[in-house]
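Student: What would the 3D arrangement of this be:
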Amino acid sequence: MSDPFLGEIQIYGFNFAPNQWAMCQGQLMPIQQNTALFSLLGTTYGGNGTSNYQLPNFNGNAACGQGLGVGLSERVLGETFGTETVTLLSTEMPAHTHGARVYNQTEATKRTGIPGTGNSLTVPQTTGPFTNTSAVNTAFAPQTIGITGASQPHPNQQPYLSLNFCIALAGAFPQRP
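Tutor: Down below sits the predicted model:
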């Protein structure tokens, strides 16, 4: 492996940072300890900028390129965004219905308490708890199909594999073009 650039981030499959590298876990670093790295990172990832600066934090985060892609939101270096869980609101779901139809089965031999293939829910000749009318082939009453759900968040994560992101504390200082 060639010498890294100072501040270069690599992914490693082992559980420690190699010599002259640090884990990208958002830790605060004293500026005096590594002024060259501070000159590259500044306070992009945190810190007060007078006595310390912060390394990037990849714990529980996925990497994302900076900039503005076609049809995408602009992302700036050091920006964090997204969430691990999402609670969908009814305003976020497409408009739709859960209608059901009631058929008044007039033939007694076809009535059953257990639905079978080709059967449907039936009601008596008069109105019942499912409908507001005695007309045949009518929709359920609106109060028959109610609201459900507990408004609890659900996981919203892509599949992932845990690896360690490490940043070079020593190496060639990258030259600007």
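Student: So which residue is dead centre in the chain?
Tutor: Nearest residue to the geometric centre of the chain (C-alpha atoms, centre = their mean): Asn156, 3.0 Å.
Student: Which residue, other than its chain neighbours, is closest to that one?
Tutor: Spatial nearest neighbour of Asn156, excluding adjacent residues (C-beta to C-beta, 6 or more residues apart in numbering): Val86 at 4.3 Å. Any C-beta I mention is one placed from the backbone N, CA and C, and that applies to glycine too.
Student: My read is that that neighbour contacts His154, right?
Tutor: Yes. Val86 lies in contact with His154 (C-beta atoms under 8 Å); the separation is 6.4 Å.
Student: Neighbour count for these two, which is higher?
Tutor: Val86 (13 against 8; other C-beta atoms under 10 Å).
Student: For that one, list the residues it contacts.
Tutor: 153-154, 156 (C-beta atoms under 8 Å, 6 or more residues apart in numbering).
Student: Now render these as CSV, adding distance to Gly171, secondary structure and pLDDT.
Tutor: Below are those laid out as CSV (distance: C-beta to C-beta, whole Å; DSSP: H, G, I helix; E, B strand; the rest coil; pLDDT from 0 to 100):
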residue, distance to Gly171, secondary structure, pLDDT
Pro153, 42, coil, 82
His154, 43, strand, 82
Asn156, 37, coil, 80
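Student: for Ala62, helix, strand, or coil?
Tutor: Under DSSP: H, G, I helix; E, B strand; the rest coil, the three-state class of Ala62 is coil.
Student: Kindly provide the distance from it to Leu163.
Tutor: 11 Å (C-beta to C-beta, to the nearest Å).
Student: quick one on the thing from earlier: next one: the residue nearest to Asn156, what pLDDT does it get?
Tutor: Note for Val86: predicted pLDDT of 87.
Student: Next: Cys24.
Tutor: So Cys24 comes in at 97 (pLDDT).
Student: how's this structure carved up into domains?
Tutor: 1-62+160-177, 98-141 (automatic domain parsing).
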